[in-house]
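>>> Sharing a model prediction with you, sequence too.
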Amino acid sequence: MSTAEAPAGSSEFVDFWNEVLVPKFVKYRHILVGGLTHHSAKILPSLEVGEGDKVVDVGCGFGDTAIEFARRVGPSGSVLGVDCCDGFLEFARADAKAAGVENLVFVEGDAQSYRFEPVHDFCFSRFGTQFFENPVAGLRNMRTALRPGGVMTMIVWRTIDDNPWLGLPKEIVLQYLPPPGDDARTCGPGPFSMADQDMVTRQLEIAGYADIEFERVDAPLMVGRTAEDAVEFQIALGPAGEVYREAGEEAERRRDDIDAALKSELSKYETPEGIVMASSSWKISARNPD
Ligand SMILES: C[S@@+](CC[C@H](N)C(=O)[O-])C[C@H]1O[C@@H](n2cnc3c(N)ncnc32)[C@H](O)[C@@H]1O
């Protein structure tokens, strides 16, 4: 397992994650982890990961997938979870301890430059790689974690049109506020930056991968227990949240109208489980050549 740690916080995107997004992700952890789990749960059983394997989880966030891998590889295997925000890893370490999982280490680092040891059988990322400032460099660096023949699987969002849980609230908020300017602070290229199959194939090829495969994964996603919960979540995070944040005082002035419009639209998706909307991702797998 690698212990070589590259300092996180070296880019404006990493700073943005730490300063702006960590507190919001912590507040809406129930929505985020619950929702994102639908996409990994559909593919995890089919992954080439078994007892004794060494696994890396890139952009592991609260660490739930890393803990799941640690159980799967057992005491003879190991898992390294890397994330640029220690604020997430504190939760991950506590959960691993509570679960009694010991073959797992969480380290703070920028996965684009972290010095991995090339010993891992499998490298995974659920919705982490789409935020890389330089995707080719980041993907290439993830490949350095793999032994020859090792496999990388990442889950990324498909287009915003395939993800109405994020697209629809953005459209509504844009009826009241201007789009973010070019100088808006962001979390990186963003949730839909790896939606284009041809472009990502090319990125992976340049990063040195072989046997590149895409599989579409569609899943319902609970965006709030109630319509009010969903409105708050959308105002805080994602593309609608970005429009709102960047509009500053103007957003505060229009808040009541925006809340009402969002509530009216999101209420249409009410189910016994809460507000549930459609979402769609890619499972993208590729191999480090022998
Ligand atoms: C959408 S969250 C997904 C978290 C987790 N994988 C999950 O599915 O719940 C994206 C994660 O990527 C992390 N991240 C973004 N850029 C990163 C980078 N350059 N290096 C390491 N982690 C990064 C963020 O801190 C965040 O935890």
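Great, that's in hand.

>>> What residues does residue 279 make contact with?
Residues near residue 279 by C-beta atoms under 8 Å, 6 or more residues apart in numbering: 35, 38-39, 157, 162-166, 218-221. Any C-beta I mention is one placed from the backbone N, CA and C, and that applies to glycine too.

>>> need those residues in CSV with secondary structure, can you?
Formatted as CSV, the contacts of residue 279 follow (DSSP: H, G, I helix; E, B strand; the rest coil):
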residue, secondary structure
35, helix
38, helix
39, helix
157, strand
162, helix
163, coil
164, helix
165, helix
166, helix
218, strand
219, strand
220, strand
221, strand
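
>>> Drop anything exposed from those.
For the contacts of residue 279, a burial check counting by 16 or more other C-beta atoms under 10 Å picks out 35, 38-39, 157, 162-166, 219, 221.

>>> just to revisit the earlier point, what is the nearest of the contacts of residue 279 to the ligand?
residue 39 (8.1 Å; C-beta to the nearest ligand atom).

>>> Where do the helices of the stretch 51-200 of the chain begin and end?
64-73, 86-99, 135-143, 164-174, 197-206 (DSSP state H, counting those that start in this stretch).

>>> Of those helices, give the one that comes closest to the ligand.
Nearest to the ligand, of all those, is helix 86-99, at 5.0 Å by C-beta to the nearest ligand atom.

>>> quick one, what contacts the closest residue to residue 129 other than its chain neighbours?
Excluding the flanking residues, the one nearest residue 129 by C-beta to C-beta, 6 or more residues apart in numbering is residue 154, at 4.8 Å. By C-beta under 8 Å, 6+ apart, the contact list for residue 154 reads 58, 124-126, 128-129, 194, 283-284.

>>> Name whatever forms a beta bridge with residue 154.
Here residue 154 sits in beta bridges with residue 125, residue 284, as judged by DSSP bridges.

>>> Determine the longest helix present in this structure.
With DSSP state H applied, the helix covering the greatest number of residues in the chain is identified as helix 249-266.

>>> starting at the chain centroid, how far to whichever helix or strand comes after that one?
Using DSSP states H and E, the helix or strand that follows helix 249-266 towards the C-terminus is strand 270-271. Relative to the centre of its chain, strand 270-271 is centred 25 Å away, using C-alpha atoms, centre = their mean, to the nearest Å.

>>> Pull the residues that contact strand 270-271.
Strand 270-271 has contacts (C-beta under 8 Å, 6+ apart) with residue 227.

>>> Return the list of strands paired to it, each annotated with direction.
strand 274-287 (antiparallel).

>>> I'd like the distance between the closest residue to residue 43 other than its chain neighbours and the ligand.
Among residues not flanking residue 43 along the chain, residue 283 sits closest, at 4.7 Å (C-beta to C-beta, 6+ apart). Residue 283 sits at a distance of 13 Å from the ligand (criterion: C-beta to the nearest ligand atom, to the nearest Å).

>>> thinking again about what came up before, which of the contacts of residue 279 has the weakest pLDDT?
Minimum pLDDT for the contacts of residue 279 is recorded at residue 35 (85).

>>> OK, contacts around it?
Taking C-beta under 8 Å, 6+ apart as the criterion, residue 35 is in contact with 165, 221-223, 279.

>>> Recalculate using a threshold of 6 Å.
residue 221 (C-beta atoms under 6 Å, 6 or more residues apart in numbering).

>>> near the ligand, which residues of the chain?
Within the chain, the positions lying close to the ligand (C-beta under 6 Å from any ligand atom) are 14, 17, 33, 36, 59-62, 82-85, 88, 110-112, 126-128, 131-132, 188.

>>> okay, the residue lying closest to residue 138 once chain neighbours are set aside: pLDDT?
Closest residue to residue 138 apart from its sequence neighbours, by C-beta to C-beta, 6+ apart: residue 132 at 3.5 Å. We have a pLDDT of 93 for residue 132.

>>> which residues touch stretch 78-93?
By C-beta under 6 Å, 6+ apart, stretch 78-93 touches 1, 8, 14, 17-18, 22, 54-63, 66, 69-70, 103-111, 114.
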